[in-house]
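Colleague: Got a predicted structure plus its sequence, pasted below:
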Amino acid sequence: MWIHKVPGIPDDLFIKSDRIPGPTKEEIRVLTISKTRLHKGSYVIDIGCGIGSLTVEAALQVAPMGKVFSIDKEEESIRLTKENAKRFGVEDIVTCVHGKAPEAMYDLPIVDSIIIGGGLSQDVIKTSAKKLKVNGCIVINSILLETSYTAIVELKKLNFKELEVIQAFIAKGREVGRKTMMIARNPITIISAKKS
C-alpha cells in the first residue's frame with residue numbers, strides 16, 4: 001500500500017466519504033507532520049481527525065512504540081479513521097475517541113504533539129497546553145482567518161515558544177488537452193509552537 005517512511009501518502013489511497021471532508025491534502029500533511037517533530041515512540045493527539053489522514057501519517061512516524069489518539073465528534077469520521085488505520089497497518093497504534101474536544105481529551109495521557117485540524121476554541125488550546133509535555137509541539141491547521149487569529153492570541157497568552165505561522169498555497173498541474181494547467185487549492189495557514 002504505502003511502503004515509504006516519508007509522509008505524503010497520495011490522497012487517492014485513503015478511504016473517503018462524501019459526508020466527511022478530506023483527506024487533508026498530501027502536501028499539507030507533509031508540512032504538518034514536519035512541524036510536529038515526531039519520532040519513534042511519540043504520543044500524539046489528532047483533534048478533528050476527519051477521515052484520519054493525518055492520524056495515519058503520524059502513526060507511521062511514531063510506530064511501533066508510539067500512539068496516536070484521534071478525536072472527532074462525527075461517528076462517520078471515527079469509522080473512516082479506523083478503516084484507514086487498518087488499511088495502512090497502523091490500527092494497533094491508533095486509538096479513536098468519539099467525542100468533542102476538549103471534553104474528549106480529559107482522560108488522554110500527556111503527549112509529545114497535538115495536531116488540531118477542526119473544532120478549535122480557546123478551551124481546546126488551553127486543554128492542549130495541559131496535555132503537552134514541556135517542549136511538546138502543537139500544530140494548528142486553519143482555513144479561516146478567525147481561527148488563525150484565535151490560535152495565535154491564545155498560544156501567546158499561554159507563553160508557547162517558537163511560534164511560527166506559515167501559509168501554504170498549493171497548485172497542482174492538471175492535463176488540459178496536450179498542455180498542463182495549474183489548479184490552485186485553498187490556502188492553508190499552519191501555526192506551530194512549543195510548550196514552554
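Modeller: Sure, I can see it. Numbering: from 1, shown residues only.
Colleague: So which residues of this protein form strands?
Modeller: For the chain, the strands defined by DSSP state E cover 43-47, 67-72, 94-98, 111-116, 132-142, 161-168, 171-176, 179-184, 188-194.
Colleague: So which elements touch the fourth one?
Modeller: For strand 111-116, the packing partners by 3 or more Cβ pairs under 8 Å, 6 or more residues apart in numbering; DSSP states H and E come out as helix 26-36, strand 43-47, helix 53-62, helix 122-131, strand 132-142. Backbone N, C-alpha and C define where each C-beta goes, glycine included.
Colleague: That one pairs with which strands, parallel or anti?
Modeller: Note on strand 111-116: by DSSP bridges, its sheet partners are strand 43-47 (parallel), strand 132-142 (parallel).
Colleague: which of those is buried the deepest?
Modeller: By mean neighbour count, with neighbours taken as mean count of other Cβ atoms under 10 Å, strand 43-47 ranks first of the strands paired with strand 111-116 at a mean of 28.
Colleague: average pLDDT across it?
Modeller: The average of the pLDDT scores along strand 43-47 is 98.
Colleague: so where's this protein shaky on pLDDT?
Modeller: For the chain, applying pLDDT under 70 flags no range at all.
Colleague: same thing but 80
Modeller: The model of the chain has pLDDT under 80 over residues 1, 118-119.
Colleague: show me what contacts residue 106?
Modeller: By Cβ atoms under 8 Å, 6 or more residues apart in numbering, the contact set of residue 106 is residue 127.
Colleague: Could you check how far residue 170 is from residue 54?
Modeller: For residue 170, the distance to residue 54 equals 16 Å [Cβ to Cβ, to the nearest Å].
Colleague: right, I mislabeled it, should have said residue 107
Modeller: Using Cβ to Cβ, residue 107 is found at 21 Å from residue 54.
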